[in-house]
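Trainee: Dropping a prediction and its sequence here:
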Amino acid sequence: MTWYYLGQFYFDAGTQGSVVLSNESTEVGQAIIADAVRFGGGMGSTIDCTYGGAPSGRPRFEEAARQYAQFQGYPTCTGDVTIRPKYAEWELAKGAPWEQGNALYLSWHTNAFDGTARGTVTYTYDGSSTPPITPGSVDLATFVQDELINDIWGEWDASWQNRGTKTANFGELRELTTMPGCLVEVAFHDNPDDANALKTPSFRNMAARAMYQGIVKFFNDRDGSPIDLLPEPPTHLAAQNSNTGEIAISWQAPDFGDNIVGDAATSYNVYVSTHGKGFQDAQNVTTTGATLTGLQAGTTYYIQVTALNAGGESFPTATVAVRTPSSGFTPQYLLVDGFDRLDRSALIDQFESNPLGTVDRMFLERMNSYDYMVEHAQGFDYCGISFDGASNEAVISGAVDLNNYAGVDWIMGEESTIDETLDLTEQALLTTYLDNGGNLIISGAEVGWDLGRVHSGNSSTSFYNNYLKSSYAGDDGATYDFVGTAGEIFDGLAGSFDDGTNGYYDSEFPDRITPLGGANTVITYNGGTGDGAAIAYKGSDFGVVNFGFPLESVYDPTLRGNLICDAITFLTPNVCPFDENITNDYNNGDVITIVTENEISANNIVNSGATIIYSAGTQVCLNSGFEVQLGAEFEGFIGGCTNFQEEEAEEKK
C-alpha cells in the first residue's frame with residue numbers, strides 16, 4: 001500500500017466536507033481502489049528506524065527520507081541517502097510497464113565548499129562500484145545541465161558559473177538499477193550570492209522549469225517524442241459585469257518563444273468559484289476571453305485562468321473577484337490587484353532547533369498567495385456593494401477603465417520599490433480618475449516608502465502628497481495594532497494586522513502617514529510609534545482613504561469588513577445596492593450601516609455588543625429569522641441612499 005496525492009481541497013472551518021472518488025472515465029478496463037483517504041500530509045508519527053527515539057512531531061514533508069519512506073510502507077530501513085533511490089524504485093515497481101519504461105530519477109541538491117565557489121553542476125554515477133550505470137543517465141544529466149545554464153544565463157545572471165557535468169560514486173546514484181538518474185547541485189549555499197539566489201522564489205521557479213524542460217528534451221532525444229513545453233500563466237486578467245447575470249472575463253496570452261519560457265498556449269481553462277479557494281471544474285476555451293451567463297444577482301464570483309497546450313497546464317493566474325449587482329449590471333466599485341511582489345525579503349523567520357536557531361523558510365502561501373482579492377471581496381460582500389475585479393496590468397493596458405466606477409479599491413500588499421507600487425502609467429491613470437471626481441481606497445505597507453520618500457528610486461512625492469493626501473512620516477509603526485481616531489470614520493474600531501502567524505504574510509514595516517491638504521488621520525498605531533496609520537480625505541474634487549498597512553492582512557474578517565464598509569460609506573455615501581438580503585449575523589464590536597435604494601430583507605441575528613442601522617428607500621423587512629439580542633443596538637429607517645439622515649428618517653420598529 002502507498003499514498004497517492006489527489007489534489008488540494010478547501011473546507012470551511014466548522015463545516016463538513018468530503019472527497020468523492022469516481023470511476024467515471026473514458027478509459028475502459030480500469031478500476032479505482034482506495035482503502036483510505038488522508039487529509040493533509042500529517043505530522044511525523046514514526047520512530048526513526050536507525051536512531052530510534054521519539055517521533056519528530058514535525059510536518060511530514062520536513063522529515064528525513066528514511067522516515068517518509070517508512071511511513072509510505074517501504075519495508076527496509078537503510079541510510080537516509082541510499083533509501084531515496086531505493087524507495088523510488090520500490091514505488092516504480094508497482095507501475096505498469098509503460099510507466100516503468102518512462103521513469104527517471106532527479107535529485108535537487110545545494111553545494112558547499114569554502115564560501116568562494118559558485119555555480120551549477122550535475123552528477124551521474126561513475127560506475128566504480130558493483131551496480132552498472134543505468135542507461136540514459138549521462139544524457140539526462142547533459143540535457144538538464146544545459147537547460148539550467150541556458151535559463152540562468154538568460155534570465156538571472158549571465159556570469160553564472162557553468163561547472164558542467166561530472167561523475168562520482170554518490171550513494172544516491174549508485175543504488176539506481178532500473179531508471180536513469182542524475183543529481184543536480186543547483187548552487188552553493190555557503191556563497192552569499194548563490195545563497196541569495198536560492199532564497200529567491202523566482203530563481204527556484206526558473207531552475208525547476210529548466211529541469212522539467214531538460215527532461216522533456218531528454219525523452220525527445222531518446223524516444224523521438226515531441227518537445228511540447230507547457231505554457232506560462234496568462235496575464236492581464238479582468239472580470240467585469242457585462243449584462244444582467246453575465247460576467248465578461250478577459251486576459252492576455254502568455255509569453256513564449258524566447259528559448260527560456262514554455263511554448264505558446266493553445267487553449268485556456270477558466271475556473272469559477274463562489275468560495276474563493278475551492279473552484280469548480282474548468283470551462284475550456286480557445287480564445288483570450290469568456291462570458292459567464294445565468295449568474296445569480298448579488299453574488300460574488302472568483303476567477304482563475306490557466307493556459308494549456310500539448311505539454312500540459314500552466315500555473316493559474318492570481319484570483320480576481322467580481323460581484324453581480326442586486327439589480328441591473330452596473331457595478332459600483334473596481335477592485336485592482338497590484339500585489340505582485342514575491343522575493344526573499346518575505347521569507348518566513350522560523351525557529352527550528354537549538355543547533356539551527358531561527359532560519360528563513362520559503363512558505364510561499366504565507367509570502368504571497370496571489371488571492372488577496374478574496375479578502376477584499378469579502379469586505380465588499382459585507383456591505384452589499386457590487387464590483388468588478390482586475391489585475392493592475394489589465395488597468396495599465398486599458399482593458400479596464402477606472403472612470404467607469406464610483407470608487408476603486410487598489411490592493412498594494414507589500415509591493416515596494418523593486419516591483420514599483422504604482423508606476424508612472426498607474427499614477428497617470430489614477431491622477432486622471434481622481435481629477436474627474438473619483439474615489440480611491442488604497443492599502444499597502446510600502447506605498448509611502450516607495451512613492452513618498454524623497455530618496456526612493458521611485459520617489460513621486462507630488463502624487464503621494466497631492467493625490468494620496470499623505471506625507472511620509474517614516475518606515476515601520478513598530479506595532480501590528482491599530483485603533484480608529486476618535487470622532488473620525490473608524491471611531492470605535494481597533495484590532496491588528498498579521499505578523500505572519502495568523503495565516504497571512506508578515507506586514508512588518510507598515511508606513512507611518514501624516515495627512516495633507518484637508519485630510520485627517522483616521523487610524524493610528526496602537527503602541528509602537530503611535531503615528532498615523534491611515535488618512536481620509538473627501539473634498540469637492542475627489543476622495544481617498546490611504547491605509548499604511550495592507551487591509552487583507554487584517555485577519556479578523558468582521559473588522560476588515562467594517563473598515564472597508566466605513567471607507568465606502570465615507571467616500572461614496574450614495575453608492576448602495578438596490579435591494580439587500582441580509583443573512584450574516586453581526587457580533588460584538590460590529591458597527592455597521594446598511595443602506596439601499598429600495599428594500600432591506602433581514603434574516604440575521606444582531607448579537608450583544610453590535611450597533612446596526614438599516615436604511616431602505618421603501619421598506620425594512622424584519623423576517624422571522626431576524627433577532628436583536630439584549631445588549632445590541634439596532635435602528636431601522638425609511639430613508640434610502642440619497643436622503644439617509646438619522647434625525648430626519650422615519651423610524652420603523
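Mentor: That came through, no problem.
Trainee: tally of neighbours for residue 520?
Mentor: Counted with other C-beta atoms under 10 Å, residues neighbouring residue 520 total 16. Quick note: C-beta positions are derived from backbone N, CA and C, even for glycine.
Trainee: no no, residue 126
Mentor: Number of residues near residue 126 (other C-beta under 10 Å) recorded here: 14.
Trainee: Phi, psi for it please.
Mentor: phi -90, psi 0 (degrees, to the nearest 10).
Trainee: any idea how far residue 168 is from it?
Mentor: Computed as C-beta to C-beta, to the nearest Å, the residue 126 to residue 168 distance reads 6 Å.
Trainee: Off-centre distance for stretch 561-574?
Mentor: 25 Å (C-alpha atoms, centre = their mean, to the nearest Å).
Trainee: again with stretch 154-169
Mentor: The chain centroid and the centroid of stretch 154-169 are separated by 32 Å under C-alpha atoms, centre = their mean.
Trainee: List the buried residues for it?
Mentor: By neighbour count on 16 or more other C-beta atoms under 10 Å, the buried set for stretch 154-169 is 155, 160-161, 163, 165, 167.
Trainee: Is the residue of the chain positioned farthest from its centre in a helix, a strand, or coil?
Mentor: What lies farthest from the middle of the chain is residue 130; by C-alpha atoms, centre = their mean that is 49.0 Å. Three-state call for residue 130 (DSSP: H, G, I helix; E, B strand; the rest coil): coil.
Trainee: Average pLDDT for the host helix or strand of residue 141, rounded please.
Mentor: Assigned by DSSP states H and E, residue 141 belongs to helix 137-155. Computed over helix 137-155, the mean pLDDT rounds to 98.
Trainee: Bridging across strands, which residues link to residue 165?
Mentor: Note on residue 165: beta-bridge partners by DSSP bridges are residue 122.
Trainee: quick one: contacts for it?
Mentor: Residues near residue 165 by C-beta atoms under 8 Å, 6 or more residues apart in numbering: 121-124, 138, 141-142, 145.
Trainee: per-residue confidence at it?
Mentor: On the pLDDT scale, residue 165 gets 98.
Trainee: quick revisit: show me what the helix holding residue 141 is packed up against.
Mentor: The helices and strands touching helix 137-155, judged by 3 or more C-beta pairs under 8 Å, 6 or more residues apart in numbering; DSSP states H and E, are strand 120-125, strand 162-168, strand 181-188, helix 201-223.
Trainee: CSV for those, including distance to residue 375?
Mentor: CSV is the format used below for those (distance: least, C-beta to C-beta, whole Å):
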stretch, distance to residue 375
strand 120-125, 39
strand 162-168, 44
strand 181-188, 35
helix 201-223, 21
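Trainee: Tell me which of the ones you listed lies nearest to residue 76.
Mentor: For the helices and strands packed on helix 137-155, proximity to residue 76 was assessed by C-beta to C-beta; strand 181-188 is nearest, at 19.2 Å.
Trainee: Pop out the phi and psi values for the residue farthest from the centre of the chain.
Mentor: Dihedral angles (degrees, to the nearest 10) for residue 130: phi -60, psi -50.
Trainee: Then residue 611?
Mentor: Dihedral pair for residue 611: phi -120, psi 110, per degrees, to the nearest 10.
Trainee: count of residues packed around it?
Mentor: Residues near residue 611, counting by other C-beta under 10 Å, number 16.
Trainee: beta partners for it?
Mentor: Counting by DSSP bridges, residue 611 is bridged to residue 591, residue 633.
Trainee: how close does it get to residue 123?
Mentor: Counting by C-beta to C-beta - residue 611 and residue 123 are separated by 68 Å.
Trainee: before we move on, what about residue 520?
Mentor: 64 Å.
Trainee: want to try TSV for the buried residues of stretch 154-169, with distance to residue 180 as columns?
Mentor: TSV is the format used below for the buried residues of stretch 154-169 (distance: C-beta to C-beta, whole Å):
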residue	distance to residue 180
155	27
160	26
161	25
163	21
165	13
167	14
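Trainee: Which of these sits closest to residue 37?
Mentor: Distances from residue 37 to the buried residues of stretch 154-169, taken by C-beta to C-beta, are shortest for residue 155, at 39.9 Å.
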